[in-house]
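**Student:** Fold the following and give me the result.
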Amino acid sequence: MSDWDGTATQRGKATIVGSGTGSTSDWWYLDDKCQKEPSSGAWMCDRLPWRTVARLDVHIDGYTAVVNTNAGLSPSPENQAGYVSQFGYSGSSKRSTIITRNEGITGVTGTGGWYIHFTEGAPSYMQVYLKQVPPGTSIIFATRYPPGTAFSIRRVFTW
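**Tutor:** Below is the predicted model:
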C-alpha cells in the first residue's frame, strides 16, 4: 500500500506499507530506515521517487491462474509455486516471500531487483507482464532458464 502523504501511517511523509507472515514478512523490509509496526508486523518504509509499489504478473501456460477471471487459487501449500527474493540478501537476512500459482507478485521498484525461483524448476515458457511499474521506476527481473532457452522479448500495449 502507498500512503502518499503519511496521514494513514502518521509518519508525515510518503510511505510504503507492506506485510507478510512468518519468514515472508521481510520481503517489505527495504532498508535500515524502515520501521516495523509492532501490533501488525507491517513494515513502513519511505516512498521515494524511484521506490514505490509495483506488480508483475508471471504467466506460465497450464500452471498459473489468471486472478482477474475468478480463477484465483487459495494460498494453500499445494498452490505454492516458489519464492521471490530481493537481490543482495541471503541466509538469515534473506528478504523474500512465497509466490503462489496466482499470477500477481507485488513488491517495490528501486535500485535492486527480484529473483524468482520456481520450486518445480525453470519453466520452458513464461510471459511477464508489467501490471504496475510507474514511469521513472524499474524492476530488475531474474530467474533460471532451461539450457538452450531462446528469448522473444516484445513490448505490448493493451490499451
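
**Student:** Could you report the separation of the nearest residue to T106 once chain neighbours are set aside from V133?
**Tutor:** Of all residues beyond its chain neighbours, the one nearest T106 is R55 (4.8 Å), with distances taken as C-beta to C-beta, 6 or more residues apart in numbering. Glycine gets a C-beta too; all of them are placed from N, C-alpha and C. Applying C-beta to C-beta, to the nearest Å, the value for R55 to V133 is 8 Å.

**Student:** Repeat that for I153.
**Tutor:** Shown here: I153 relative to V133, a distance of 15 Å by C-beta to C-beta.

**Student:** Check V66 too.
**Tutor:** Applying C-beta to C-beta, the value for V66 to V133 is 19 Å.

**Student:** in this structure, which ranges drop under the pLDDT threshold?
**Tutor:** Residue ranges of the chain with pLDDT under 70: 21-24, 68-71, 158-159.

**Student:** which residues in it form strands?
**Tutor:** Secondary structure of the chain (DSSP state E): strands at 2-3, 15-18, 35-36, 43-46, 53-59, 80-86, 96-100, 104-108, 113-118, 127-132, 140-143.

**Student:** Which one of I153 and V133 is surrounded by more residues?
**Tutor:** Neighbours per residue, other C-beta atoms under 10 Å: of I153 and V133, the larger number sits with V133, 16 against 5.

**Student:** how much space between the residue nearest to that one when sequence neighbours are not counted and R101?
**Tutor:** For V133, ignoring the flanking residues on the chain, the nearest one in space by C-beta to C-beta, 6+ apart is A54 at 5.0 Å. For A54, the distance to R101 equals 20 Å [C-beta to C-beta].
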